[in-house]
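# next one to model:
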Amino acid sequence: MIILKSSQEIDLMRRAGKITAAARALAGEMVRPGVTTREIDQAVAHFIKKQGAVPSFLHYGGYPANVCISINDEVIHGIPSRRALREGDIVSIDVGAFIGGFHGDCAATFPCGKVSAEAMRLIEVTRQSFFEGLKQARQGRRVPDISAAVQRYAEAAGYSLVREYVGHGVGRKMHEEPEVPNYVEPEQKRPRLLKGMTIAVEPMVNAGTADVTVMGDGWTVKTADGSLSAHYENTILITDGEPELLTDPI
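As a prediction, this is how the structure comes out:
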């Protein structure tokens, strides 16, 4: 069931979204050679808790950390560790914060120092593919309109979209209906976008094939061919006019 949010609930989601977006920005500022992913994880957790919120991801489905940090060919769900970032890495950081009964959810991929032109283009195309989808996030349109816009832009640039993981509704639960794929399939559900819907749109874009594999830790998802991958996400409110980003974009 798709849950439409009341004006009071939307205000609470704005609060959660602002904290989540600020946490993502903090994480991005920490991306530099020599910093460990665990240091980023701990700093983000401290920030979120200081705001009176709690990290959404900690223990969610058994996830063992506060933030998902995925490097280079890691698509999503990378577990923070003592691994130090290196010059030329691209670092995808996915953050969630829960406060007042609601979640915020956002992600972005950051360059570590100087990265290759190929890597930077992948980051930029992934980010823009989100904004192409955002143009379709209007009352009366349907979820596949968002999906098609994301897919069209990323594939026109020569990239592929991950199939196994998709965007989603977000609110009192981290994952609510509807699913928001980054691609279109003939049998895909076609829920209409309505005022009060809150959804997380999150393109996961691979430089090579769309195929992915899950590592032995049961969480980290990598590209099957070892190609680079990038991720970008914001929480969106459907209104009776322009869509509203509940997580300030970067």
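# C106 versus S229, what's the distance?
17 Å (CB to CB, to the nearest Å). All C-beta spots, glycine's among them, are computed from the backbone N, C-alpha and C.
# in the protein, which helix is the longest?
Ranked by residue count, the top helix of the chain under DSSP state H comes out as helix 7-30.
# list the buried ones in that helix?
Burial within helix 7-30, assessed by neighbour count using 16 or more other CB atoms under 10 Å, is assigned to 9-10, 12-28, 30.
# who are the packing partners of that helix?
If contacts are counted by 3 or more CB pairs under 8 Å, 6 or more residues apart in numbering; DSSP states H and E, helix 7-30 sits against helix 37-50, strand 90-99, strand 102-111, strand 234-237.
# can you give the distance of it from its chain's centre?
A distance of 13 Å separates the centroid of the chain from that of helix 7-30, by CA atoms, centre = their mean, to the nearest Å.
# and if you look at stretch 46-64?
The answer for stretch 46-64 is 16 Å, by CA atoms, centre = their mean.
# just the buried positions in that stretch, please.
F47, I48, Q51, A53, P55, S56, F57, L58, Y63.
# ok, which pair from these is furthest apart?
Q51 and Y63 (20.5 Å; CB to CB).
# contacts for stretch 173-184, please.
Contact with stretch 173-184 is made by 1-3, 56-57, 60, 96, 103, 105, 129, 133, 143-144, 146-148, 150-151, 154, 161-163, 166-170, 188-189, 191, 199-205, as judged by CB atoms under 8 Å, 6 or more residues apart in numbering.
# buried subset of the residues you listed?
By 16+ other CB under 10 Å, these give 2, 56-57, 96, 103, 105, 129, 133, 143-144, 146-148, 150-151, 154, 161-162, 166-170, 191, 199-205 as buried.
# give me the subset of those that lies in helices.
Checking the buried ones among the contacts of stretch 173-184 against DSSP H, those in helices are S129, G133, V143, P144, I146, S147, A148, V150, Q151, A154.
# would JSON lines of those with distance to K195 be doable?
Shown next, in JSON lines, are those (distance: CB to CB, whole Å):
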{"residue": "S129", "distance to K195": "25"}
{"residue": "G133", "distance to K195": "18"}
{"residue": "V143", "distance to K195": "15"}
{"residue": "P144", "distance to K195": "19"}
{"residue": "I146", "distance to K195": "16"}
{"residue": "S147", "distance to K195": "20"}
{"residue": "A148", "distance to K195": "22"}
{"residue": "V150", "distance to K195": "22"}
{"residue": "Q151", "distance to K195": "25"}
{"residue": "A154", "distance to K195": "28"}
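# pull the most distant pair out of those.
So, these by CB to CB: farthest apart are V143 and A154, at 17.0 Å.
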